[in-house]
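1. Have a look at this prediction, sequence included:
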Amino acid sequence: MSARVLDGVAIAAEIKEEVGREVRSLAEAGAVPGLTVVLVGSDPASEIYVRSKVKSSAELGIASNLITLGVDTSQAELLGILQQLNEDDAVDGILVQLPLPRHIDTRAILEAVDPLKDVDGFHPVNVGRLTIGQESLVPCTPAGVMQVLQRSGIAVRGRDCVMVGRSDIVGKPMSTLLLNAGATVAVCHKETRDLREYTRRAEILVVATGVPGLITPDMVAEGAVLIDVGINRLDRREDVERLFPGNAAKLAAFDKRGSVLVGDFAPQSYLRSSAYTPVPGGVGALTIAMLMHNTVKAARMRRSLPTDVLEFA
Ligand SMILES: Nc1nc2c(c(=O)[nH]1)N[C@@H](CN(C=O)c1ccc(C(=O)N[C@@H](CCC(=O)O)C(=O)O)cc1)CN2
């Protein structure tokens, strides 16, 4: 059986098209959605992601604003800026790019964002609402995974799902979404004693650990759906050779750029699957599409407009 590649880029484009329509209909009613992205410091990957968020907003007609702050910005200064954004009626969505510099308490910052403007879905109010199945702003990457499954016709209800990774951004909300959708969910992490024992039972296996090639073929059930949320940059040729033995295309990509992006699945694992998301080109692309969706949803919620008219809530 040859595995189906789940094309995150194509699904993200489809979602963005739908969001664009929703933005236009809000704009016609005089309510252009507004998104402000806050970047503290100059982490190169974060700079790329925030630029991409602003660019996507512009393409869809969302009024976006990027606030860039020096790496030595104090927590108090950042809290002051968030307070102003919370009070600004033109701002529907606020996003603080992570990671933050170490001297800033990330939890305190995420809790300072108005839950109604929390387009990342990281505020405890949104986390709690998601947990009890109430309408909320849902973290973008896990919400994107649900869209990939749904739009690829992969049923979740009643299936055995395993989530490897327990981060607040991906693992925990992902397991909650799967559970809310009727799956049986096991959550594994660094302390799990026999990881393979769990992963081999998964009909849908979602992995977000940041460990390149962690999941090897012997850990995958024949015919499983593999969702790779890991994005790891390899910048040593010997690591590429070890993970992708005999893969001339990957080595050529490395030789051209000096690094390659890989996921948490060893590529040979795909051969046992019925479908998988590649890295790059899988769920990463959905993160920004879902942020656009959340911004429109926040804009509607703040104006007490129904959200069930959205192409998907
Ligand atoms: N406040 C937030 N910070 C961070 C989040 C988040 O959702 N909210 N997620 C990540 C980074 N991130 C967006 O911020 C993000 C990661 C990956 C991608 C993506 O498109 N990945 C592509 C590869 C892109 C490349 O070539 O580098 C893929 O996997 O195909 C988009 C956004 C941490 N911080």
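-> On my side now, so go ahead.
2. And for whichever residue of the stretch 201-313 of the chain sits closest to the ligand, nearest residue in space, chain neighbours not counted?
-> Relative to the ligand, the nearest point of the stretch 201-313 of the chain is Gly284 (2.0 Å; Cβ to the nearest ligand atom). Bear in mind the C-beta positions are built from the backbone N, C-alpha and C, glycine included. Here the nearest residue to Gly284 in space, its sequence neighbours aside, is Ile231; by Cβ to Cβ, 6 or more residues apart in numbering that works out to 5.7 Å.
3. Wait, that neighbour touches Gly281, no?
-> No - assessed by Cβ atoms under 8 Å, Ile231 is found out of contact with Gly281, at 11.0 Å.
4. Measure how buried the residue nearest to Gly284 is and give me the count.
-> For Ile231, the count of nearby residues is 20 (other Cβ atoms under 10 Å).
5. so who does it touch?
-> Counting by Cβ atoms under 8 Å, 6 or more residues apart in numbering, Ile231 touches 210, 261, 263, 279-280, 284.
6. distance of it from Val71?
-> Distance, Ile231 to Val71, using Cβ to Cβ, to the nearest Å: 23 Å.
7. Ramachandran angles for Leu305?
-> When read as degrees, to the nearest 10, the backbone of Leu305 gives phi -90, psi 150.
8. shouldn't Val279 be in contact with Asp228?
-> Yes - if you go by Cβ under 8 Å, Val279 and Asp228 touch, sitting 5.2 Å apart.
9. Tell me which of the two has more neighbours.
-> Neighbour count, other Cβ under 10 Å: between Val279 and Asp228, Asp228 has more, with 26 against 22.
10. any shared contact partners between Val279 and Asp228?
-> Residues touching both Val279 and Asp228 (Cβ under 8 Å, 6+ apart): Gly263.
11. Quick one: name the residues of this protein near the ligand.
-> Residues of the chain lying close to the ligand (Cβ under 6 Å from any ligand atom) are 49, 95-98, 120, 140-141, 231, 261, 279-282, 284-285, 287-288.
12. Give me the buried entries from these.
-> 49, 95-98, 120, 140-141, 231, 261, 279, 281-282, 284-285, 287-288 (16 or more other Cβ atoms under 10 Å).
13. which SSE is Asp239 in?
-> Following DSSP states H and E, one finds Asp239 within helix 237-243.
14. Quick one: name whatever helix or strand follows that helix.
-> Next element after helix 237-243 (DSSP H and E): helix 248-257.
15. can you give me the helices in the stretch 151-300 of the chain?
-> Under the criterion DSSP state H, counting those that start in this stretch, helices of the stretch 151-300 of the chain are mapped to 171-180, 195-199, 237-243, 248-257, 284-302.
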